[in-house]
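> Using only what follows, build the 3D model:
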Amino acid sequence: MQNFRPIQKFGRRLAPALSRALLMACSISAGAAPSIRLNTVGFLPDRPKQATIALVCTNFAIVRVGDGKAVYRGVVTGPRVNADTGEELFLADFTAVRESGSFQIDVAGVGRSAPFRIAANVYNDAFRTVTRGMYLWRCGASVAGERDGQTFAHAVCHTNDAWLDFVGGGHTARDSTRGWHDAGDYNKYVVNAGVTVGCMFRAWDDFRPQLEKVRLDLPESGGKTPDFLAEIKWELDWLLTMQATDGSVYHKVSTARFGPFIAPEAERTDRFFTPWSSAATADFVALLAQAARYFHEFDPAFAAQCQKAADRSYQFLADHPEDHLADLTGFSTGGYQTGDQDDRLWASAEIWETTGSAAALRDLENRLRAQEPKIELNWDWGNVGNLGALTYLFSPRPGRDAELVSQLRKLLLATADGIVKTRDEHGYARPLGTTYYWGCNGGVARQVVLLQAAHRLNPNPRYLEVALDAVSHLFGRNVYGRSFVTGVGAEPPLHPHDRRSGKDGPAWPGYLVGGANPKATDWHDTQADYRTNEIAINWNGALIYALAGFIADP
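The predicted model follows:
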């Protein structure tokens, strides 16, 4: 299936007049874009450093911010025609600059770029801001944070979650507080929680030494559990409330319709459990089985609770092998409806990895053999099989099928090589090339999961180069010359489709917006344009992973 959300996730289509206004705004924005387009957060000293220039030019210099002294001079290459924007673009390569500090690119006849940093810890602040964005998304609690002298806060919200009317419980309440608000709306969806936490757990697997040192200044900070896992636990605590007594998992907690742009504590409309789906149940199994592994050394009681819940739902799936979509009659909020074969594959992978179950391994390997493609290039909440495949591929457990392992290894490396080739052919080094869709910025970040996995199998500096190019695209090396992350980098989004930002005015910091759709030039920094400028936990989870591999010790 395509990697964008069902249209019912977002309510009404734009009125024609508003659509024309947005297109006009886009044209104005594109016309005002800086001509020197680069990662406005910055670069690591020992990694490639490049910028794309959209005007005819020849010479450039890297100059220090402050004294304006040139530390490097070079000659651009180009031009090359960029297929998706129709521009003639030039490339400035300043990889030779390894000095730490703040700099600008000065291009003769063009001007100077936005300032950027070169430093070993250049991504630490961005990582912390994006990860703290998850904390600021918390439901059922008051939150507060500061960024650039502004305070972002809301009071305790949605304390009545949720009613059982649609799941056979009558008009009675059952606790389903905690968790993260899903996106620009305040509802909570199990399927999207799956890929979000899945990417964050993958980051913990791959980069634990860096992540366990990061302080996020959470209410739980200072306890035995590292802050990164403590924030994930807030979502897991909610997920545990979504399991029915028979082991099935309710699809979402939601209002019947999307609410207005008000603060979360002001939204008091009734919220309901919806009927179960097999995809939600399988994602639940995968996440809770992982949690049993990761939390065991920090919180054994919680780990045991997670394992018990995962086992019950895994048995339910075994007893109900049919693909079961949720009955969402009466709801016009997010659908997140998807077939369950990839979700069941992931569930069996995590059960096996946690318990060593021979039955789970047989189920997993049968599903891996049947799945096509076995490694998905472009993936999101609707196709999470990659998470299961990576768990299998990197598992230290004995008993794997050597031929299947070899096949997955070759496919992963071939996929990564294809991503590198796509990057090479794009004027902004975009790893997704000319592919644009709803939430494609999350897809750009999610390419890094595959690139890092390939690098672990076969260390290749080009894989890490392209992973950094994905980050660079999101922080300003794009046709707009702007960061796509609120509060981070140069000219970040000011008007995301986010009910908190809509009420308070300033954009809450640390959120990756969805990005251009359906063409490279179709992004609008306009609150009303949910198709391109909404925020969502799955896109943030992907960016958290993309940044995690490049942070330095505090």
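> Check the offset of the helix or strand hosting residue 78 from the chain's centre.
In the assignment (DSSP states H and E), residue 78 maps to strand 77-81. Relative to its chain's centre, strand 77-81 lies at 32 Å (C-alpha atoms, centre = their mean, to the nearest Å).
> Who does it pair with, and is each partner parallel or antiparallel?
Take DSSP bridges as the rule and strand 77-81 pairs in its sheet with strand 88-93 (antiparallel).
> So for the one helix or strand residue 368 maps to, what gets flagged as buried?
Per DSSP H and E: residue 368 is located in helix 358-370. Using 16 or more other C-beta atoms under 10 Å as the test for burial, helix 358-370 gives 360, 361, 363, 364, 365, 367, 368. To be clear about C-beta, it is placed using only N, CA and C from the backbone, and glycine gets the same treatment.
> My guess is residue 276 contacts residue 250. True?
Yes - in terms of C-beta atoms under 8 Å, residue 276 counts as a neighbour of residue 250; the distance is 5.5 Å.
> tell me, what's touching the two both at once?
Common contacts of residue 276 and residue 250 (C-beta atoms under 8 Å, 6 or more residues apart in numbering): 167, 244.
> The helix holding residue 368: what's the following helix or strand?
helix 385-393.
> just checking, next helix/strand downstream of that next one?
Next along from helix 385-393, by DSSP H and E: helix 402-424.
> tell me which strands and helices that next one is in contact with?
helix 358-370, helix 385-393, helix 440-457, helix 461-474 (3 or more C-beta pairs under 8 Å, 6 or more residues apart in numbering; DSSP states H and E).
> Now distance to residue 313 and mean pLDDT too, for those, in TSV please.
Output for the helices and strands packed on helix 402-424, formatted as TSV (distance: least, C-beta to C-beta, whole Å; pLDDT from 0 to 100):
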stretch	distance to residue 313	mean pLDDT
helix 358-370	13	98
helix 385-393	16	98
helix 440-457	25	98
helix 461-474	34	98
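> For residue 79, find the nearest of the ones you listed.
helix 461-474 (19.4 Å; C-beta to C-beta).
> got the angle between the closest one and helix 440-457?
160 degrees (axes from the mean of the first three to the mean of the last three C-alpha atoms, to 10 degrees).
> Would you map the helices across the stretch 451-554 of the chain?
461-474, 499-504, 530-533, 537-548 (DSSP state H, counting those that start in this stretch).
> With distance to residue 192 and mean neighbour count as new columns, can the ones you listed be given to me in CSV?
What follows is these, written out as CSV (distance: least, C-beta to C-beta, whole Å; neighbours: other C-beta atoms under 10 Å):
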stretch, distance to residue 192, mean neighbour count
helix 461-474, 20, 23
helix 499-504, 17, 20
helix 530-533, 15, 25
helix 537-548, 5, 28
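> Kindly reformat these as JSON lines containing distance to residue 82.
Converted to JSON lines, these look like this (distance: least, C-beta to C-beta, whole Å):
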{"stretch": "helix 461-474", "distance to residue 82": "13"}
{"stretch": "helix 499-504", "distance to residue 82": "31"}
{"stretch": "helix 530-533", "distance to residue 82": "19"}
{"stretch": "helix 537-548", "distance to residue 82": "23"}
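> Can you show me the strands along the stretch 101-250 of the chain?
Remark: strands assigned in the stretch 101-250 of the chain by DSSP state E, counting those that start in this stretch are 101-107, 111-112, 116-118, 143-147, 150-154, 188-189.
> elements contacting the last one?
Secondary structure elements in contact with strand 188-189, counted by 3+ C-beta pairs under 8 Å, 6+ apart, are strand 252-254.
> My guess is residue 60 contacts residue 108. True?
Yes - under the criterion of C-beta under 8 Å, residue 60 makes contact with residue 108 at 7.0 Å.
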